[in-house]
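Asks: Give the three-dimensional model of this entry:
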Amino acid sequence: MDASGLPTHLTSLLEADRIIVRQDCIPKSKERCSILNTYEVFANDSNDKWKSILNFEEQSSWKSRMFCCSARPFRMRAWAHDETVLLMRRPYGCPASTDTCLPHRLEVKLPDDTPLGSIVRTFGRCESAFRILDAEDTPRLLLKGSCMASNWCLDFVFKIYSVKGGRSIGRIIREWREECDVFYIAFPRDLHVVLKLLVMSSSVLIDYMYFDSSC
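Replies: Residues are numbered from 1 along each chain as shown. The predicted model follows:
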């Protein structure tokens, strides 16, 4: 998809080579399963000036948060200036790490239902790995982290790899904080804007899979 087909508020990512996805902090006094996750996204520009560009809001049922915990299905809306600009959908994902289970998947599309792509968990011997697929389900990027991804008290790095070249082109760093998570994302400035959106969205799936504390 050409950038001209994207909502205006998403085209600000064209100049970005770094993004911060910050989860809104959750008060300790509240029951975790009663809270919907929300995030704010910041991006830099060619002059390295930062601004808030998006907000994400989870849409899920209380029952799914109570009984499915971090594997729960959800929908997520991204908006800017009260305009919905992006939609995400996560089907139920099997908590077990075997290739016989339903893989964890996050689908990303525009508000008019135009698909942009998806992020899919893959199974490895001792690593946390994801494939970033385009709208035709063709693998475009890989994300790789170690088997220690679920350690809540450590910062963690997922490296971004090009499928064609097999080389690392960026990274997602999850910074641990007691009440909320922050993801620092870096990639080439000339990476296609749709792939930037998918990498940004992958931080949400990673957060739910490894660091969500709903139960």
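
Asks: CA only for contacts and neighbour counts going forward, please
Replies: OK.

Asks: S12 looks like it's in a helix, true?
Replies: Yes - S12: assigned to a helix according to DSSP: H, G, I helix; E, B strand; the rest coil.

Asks: just checking, next helix/strand downstream of the helix or strand of the chain with the lowest mean pLDDT?
Replies: Lowest on mean pLDDT, DSSP states H and E among the helices and strands of the chain sits helix 62-67, with a mean of 83. The first helix or strand that comes after helix 62-67 along the chain, using DSSP states H and E, is strand 74-80.

Asks: The helix or strand just after that following strand - what's its average pLDDT?
Replies: Using DSSP H and E, the helix or strand that follows strand 74-80 in sequence is strand 83-90. Summarised as a single mean, pLDDT over strand 83-90 is 97.

Asks: Ok, stretch 133-144 next?
Replies: Rounded mean pLDDT across stretch 133-144 is 96.

Asks: buried ones in it?
Replies: Buried positions in stretch 133-144, judged by neighbour count with 16 or more other Cα atoms under 10 Å: L133, D134, A135, P139, L141, L142, L143, K144.

Asks: what does that stretch rub up against?
Replies: 115-120, 127-132, 158-164, 195 (Cα atoms under 8 Å, 6 or more residues apart in numbering).

Asks: want to throw the buried residues of stretch 133-144 into CSV with distance to S168 and secondary structure?
Replies: Listed next are these as CSV, based on distance: Cα to Cα, whole Å; DSSP: H, G, I helix; E, B strand; the rest coil:
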residue, distance to S168, secondary structure
L133, 17, strand
D134, 19, strand
A135, 22, coil
P139, 15, strand
L141, 10, strand
L142, 9, strand
L143, 9, strand
K144, 10, strand
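
Asks: which pair in those residues spans the largest distance?
Replies: A135 and K144 (21.2 Å; Cα to Cα).

Asks: Next one: Y210 from S70, what distance?
Replies: 8 Å (Cα to Cα, to the nearest Å).

Asks: how close does the nearest residue to W62 once chain neighbours are set aside sit to M88?
Replies: Closest residue to W62 apart from its sequence neighbours, by Cα to Cα, 6 or more residues apart in numbering: S34 at 6.5 Å. Applying Cα to Cα, the value for S34 to M88 is 21 Å.

Asks: Would you pull up how far the longest helix anywhere in the chain lies from the middle of the chain?
Replies: The single longest helix within the chain, with elements called by DSSP state H, is helix 193-206. Taking Cα atoms, centre = their mean, to the nearest Å, the mean C-alpha location of helix 193-206 is offset from the chain mean by 5 Å.

Asks: Thanks again, I'm all set now.
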